[in-house]
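**Student:** dropping the sequence and predicted coords here.
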Amino acid sequence: MLQMSRLREGRWEGILASDKAPEIDILHLEKPIGKPEIEDMGKDRWRVSVAIPAQLLSEGILSFIVFDKVKQEQIGEFIINAGLPVGEDLRAELDLLRAELDLLKKAFRRHCVETGAQG
């Protein structure tokens, strides 16, 4: 389970419950944004942090996906809204759904290649 901790000084931090050191990527538009730092907090809890690249920050809504590389699945997400206030969360949700759909398409295509299925 992943919980948002905070966004401070350009770094996103989260707390992840796991019995072993996690292997994760933080993705924006399907691309890793940098190598996450992982710190053992004891009691099967890990602090995960990553710098948000300044070149990504612009007006609008940015969606990020926390992706477990071992399980090949999304384990969390976070959104940064910059610039003018958003009237509704709908745009953020739509952006996140697009990112999740892109991940599902990749996983489905990989599954088809591995099983020889037509898709």
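**Tutor:** Structure's in. What do you need?
**Student:** may I have the beta-bridge partners of the most centrally placed residue in the chain?
**Tutor:** Nearest residue to the geometric centre of the chain (Cα atoms, centre = their mean): residue 65, 1.8 Å. Taking DSSP bridges, one obtains residue 27, residue 77 as the residues bridged to residue 65.
**Student:** average pLDDT for stretch 104-114?
**Tutor:** Averaging pLDDT along stretch 104-114 yields 90.
**Student:** for stretch 38-47, that is, sorry about that
**Tutor:** pLDDT averaged over stretch 38-47 gives 94.
**Student:** help me confirm that residue 6 is found in a strand?
**Tutor:** Yes. Using DSSP: H, G, I helix; E, B strand; the rest coil, the assignment for residue 6 is a strand.
**Student:** thought residue 13 was touching it, still the case?
**Tutor:** Yes. Using Cβ atoms under 8 Å, residue 6 makes contact with residue 13 at a distance of 5.3 Å. C-beta coordinates here come from the backbone N, C-alpha and C atoms, glycine included.
**Student:** who's in contact with residue 92?
**Tutor:** Contacts of residue 92 were listed using Cβ atoms under 8 Å, 6 or more residues apart in numbering, and they are 61, 63, 79, 81, 86.
**Student:** need the strands for the chain, in chain order.
**Tutor:** 2-8, 11-17, 24-28, 31-32, 37-42, 45-51, 60-68, 73-82 (DSSP state E).
**Student:** for residue 53, see how far away residue 32 is.
**Tutor:** Here the criterion is Cβ to Cβ, to the nearest Å. By it, residue 32 lies 11 Å from residue 53.
**Student:** who has more neighbours, these two?
**Tutor:** residue 32 (14 against 11; other Cβ atoms under 10 Å).
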